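[1] this is a predicted model, with the sequence first.
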Amino acid sequence: MLTHIFHSLHYLLLLLITLPLLTGCPGGGGGASNTGDTSTATKVAKVQLTVINNYQPADGNTFINVAVTVRDANNASLPNIAINMVSNSPNALFYADLDETDERGIFTAGFSDMVAETIEVTAVAEGVNSLPMKLTFIAPTSAIELTTKQQFAQKGESIELTVLTRQNLLQLGNTTADNTQAVLVPLPNAPLKIAVSGAASFSATPPTTTDETGQATFIISDKQAETIVVTVSSGVVTQTLPLYIGASLTLIPAS
């Protein structure tokens with residue numbers, strides 16, 4: 001009898017010792033895991049709004065593109081975050097392929113306008129605002145003047161050219177202008193595309209907009225004797241100017 005009780009107590013003692021070991025092992029019959037759930041909701045800490053190509057024509061077809069980057073407190077980019085764009089203009093239109101950030105945490109969009117104006121835009125993600133940015137839509141260019149004092153130049157000579165963009169006052173809504181005749185005034189901040197033909201090259205990156213006076217200057221040169229063409233475009237308006245490099249001029253006497 002005592003022997004039976006001893007064996008029963010011995011068995012119970014072994015069971016009490018081994019049970020915690022079993023429940024602490026993987027697959028030990030429903031033992032609780034000692035790793036807590038560390039997942040937390042993603043928090044937007046910073047929204048950055050960048051303007052890619054400001055100063056575009058207010059023609060309703062040309063876009064000012066913007067990019068929005070969303071980051072968390074560790075400065076990591078956040079994908080799949082819904083973005084709202086807020087503007088203070090009733091005229092500007094907003095276009096985007098997606099309504100949230102892509103896998104890089106970037107959202108891209110474009111704004112167009114048919115009114116020449118400067119608008120203010122803010123990006124919002126989960127209640128966090130970006131700094132407001134100004135987008136400027138300018139009146140479409142009506143005319144381009146492209147001039148130089150060196151239309152005939154030597155090989156390798158630096159040739160300076162000047163661009164002047166102009167806008168018709170009537171298109172700006174000026175009611176005092178003569179409605180029967182265009183009144184062209186300098187147009188500042190007009191977008192430019194400048195190209196040269198032949199072997200000519202720019203001395204520096206050509207300007208992409210006119211300055212506050214509506215002007216822009218650039219320098220080209222050509223080491224070959226040839227006729228080249230300089231082309232300047234702003235919106236739908238284009239102006240060209242031929243340049244004669246290394247040309248030999250012969251004066252024909254009057255008979």
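    In hand now; what should we look at?
[2] verify the stated contact: residue 160 with residue 216.
    No - at 11.4 Å, residue 160 does not count as touching residue 216 under the criterion of C-beta atoms under 8 Å. Yep, even glycine has a C-beta here, placed from its N, CA and C like the rest.
[3] okay, those two: which has more neighbours?
    residue 216 (21 against 13; other C-beta atoms under 10 Å).
[4] give me every residue that touches residue 157.
    150, 221, 245 (C-beta atoms under 8 Å, 6 or more residues apart in numbering).
[5] so which of those residues is the most crowded?
    For these, the largest number of neighbours (other C-beta under 10 Å) sits with residue 245, at 24 neighbours.
[6] nearest residue to that one other than its sequence neighbours?
    residue 222 (4.5 Å; C-beta to C-beta, 6 or more residues apart in numbering).
[7] where do the strands sit along the stretch 101-250 of the chain?
    106-112, 117-125, 128-129, 133-138, 143-148, 152-153, 159-168, 184-186, 193-196, 201-202, 215-221, 226-234, 237-245 (DSSP state E, counting those that start in this stretch).
[8] how far away is residue 228 from residue 53?
    Distance of residue 228 to residue 53, computed by C-beta to C-beta, to the nearest Å: 28 Å.
[9] again, but for residue 225
    Using C-beta to C-beta, which is the criterion applied here, residue 225 is 38 Å from residue 53.
[10] so how far is residue 190 from residue 93?
    In this view, residue 93 and residue 190 are 21 Å apart by C-beta to C-beta.
[11] which one's more surrounded, these two?
    Ranked by neighbour count (other C-beta under 10 Å), residue 93 and residue 190 place residue 190 first, with 29 against 13.
[12] show me what the nearest residue to the more buried one once chain neighbours are set aside is bridged to.
    Closest residue in space to residue 190, ignoring its immediate chain neighbours: residue 165 at 3.9 Å, by C-beta to C-beta, 6+ apart. Here residue 165 sits in beta bridges with residue 144, going by DSSP bridges.
[13] quick one: contacts for residue 165?
    Residues in contact with residue 165 (C-beta under 8 Å, 6+ apart) are 141, 143, 144, 145, 186, 187, 190, 192, 210, 214, 234.
[14] also residue 64?
    With C-beta under 8 Å, 6+ apart, residue 64 has these contacts: 51, 52, 53, 54, 55, 56, 110, 111, 112, 135, 136, 137.
[15] try it again at 6 Å.
    With contact set as C-beta atoms under 6 Å, 6 or more residues apart in numbering, residue 64 has these partners: 56, 111, 135.
[16] cool, and residue 160?
    Residue 160 neighbours (C-beta under 6 Å, 6+ apart): residue 219.
[17] okay, now residue 155: neighbour count?
    Residue 155: 13 neighbours (other C-beta under 10 Å).
[18] quickly note the distance from it to residue 202.
    Taking C-beta to C-beta, one finds residue 155 at 17 Å from residue 202.
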